[in-house]
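*Asks:* my questions are about this predicted structure, shown below with the sequence.
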Amino acid sequence: MKELGWVQRKLDQCLYLLDDQGRSMGGLSTHVDDCFCCGAGELYENSMKRLRNEFPFGQRVSAQKHTLKYCGSEVT
């Protein structure tokens, strides 16, 4: 994660942010085997593509189009 520019937050070590010259481009939260991410832009898309190649992510679902579950809670 760090090699791709994601910075682990000190207060919540399950949260990573992706910054580009001081602008927040993405966020990624992890819990056991769940991952919730959001972001936009070329840096974010390229980073997510590399992460998906490195780690076996499950189905990619848009919360804008579908209700999804993260850690047992519905996200709409």
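*Replies:* Arrived safely.
*Asks:* can we go C-alpha only for contacts and neighbour counts from here?
*Replies:* Will do.
*Asks:* show me the helices in the protein, by range?
*Replies:* Secondary structure of the chain (DSSP state H): helices located at 42-54.
*Asks:* by residue count, tell me the biggest strand in it.
*Replies:* strand 23-31 (DSSP state E).
*Asks:* packing partners for it?
*Replies:* strand 15-20, strand 34-39, helix 42-54 (3 or more CA pairs under 8 Å, 6 or more residues apart in numbering; DSSP states H and E).
*Asks:* ok now that strand, how far from the chain's centre?
*Replies:* Averaged C-alpha coordinates place strand 23-31 at 5 Å from its chain's average position (CA atoms, centre = their mean, to the nearest Å).
*Asks:* so it versus helix 42-54, what angle?
*Replies:* Relative orientation of strand 23-31 versus helix 42-54 (axes from the mean of the first three to the mean of the last three CA atoms, to 10 degrees): 30 degrees.
*Asks:* identify, out of the helices and strands packed on strand 23-31, the most deeply packed stretch.
*Replies:* Comparing the helices and strands packed on strand 23-31 on average neighbours per residue, with mean count of other CA atoms under 10 Å, the densest one is strand 15-20 at a mean of 18.
*Asks:* who touches it?
*Replies:* Under the contact criterion CA atoms under 8 Å, 6 or more residues apart in numbering, strand 15-20 has outside partners 5-9, 24-30, 43-44.
*Asks:* let me know the outermost residue of this structure.
*Replies:* Residue farthest from the centre of the chain, counting by CA atoms, centre = their mean, is residue 21 at 18.6 Å.
*Asks:* quick one: pLDDT of that one?
*Replies:* What the model reports as pLDDT for residue 21 is 88.
*Asks:* hang on, the earlier thing: and the longest strand of the chain, which strands flank it?
*Replies:* Sheet pairing of strand 23-31 (DSSP bridges) gives strand 15-20 (antiparallel), strand 34-39 (antiparallel).
*Asks:* return the distance of the first one from the chain's centre.
*Replies:* In terms of CA atoms, centre = their mean, the centre of strand 15-20 is set 9 Å apart from its chain centre.
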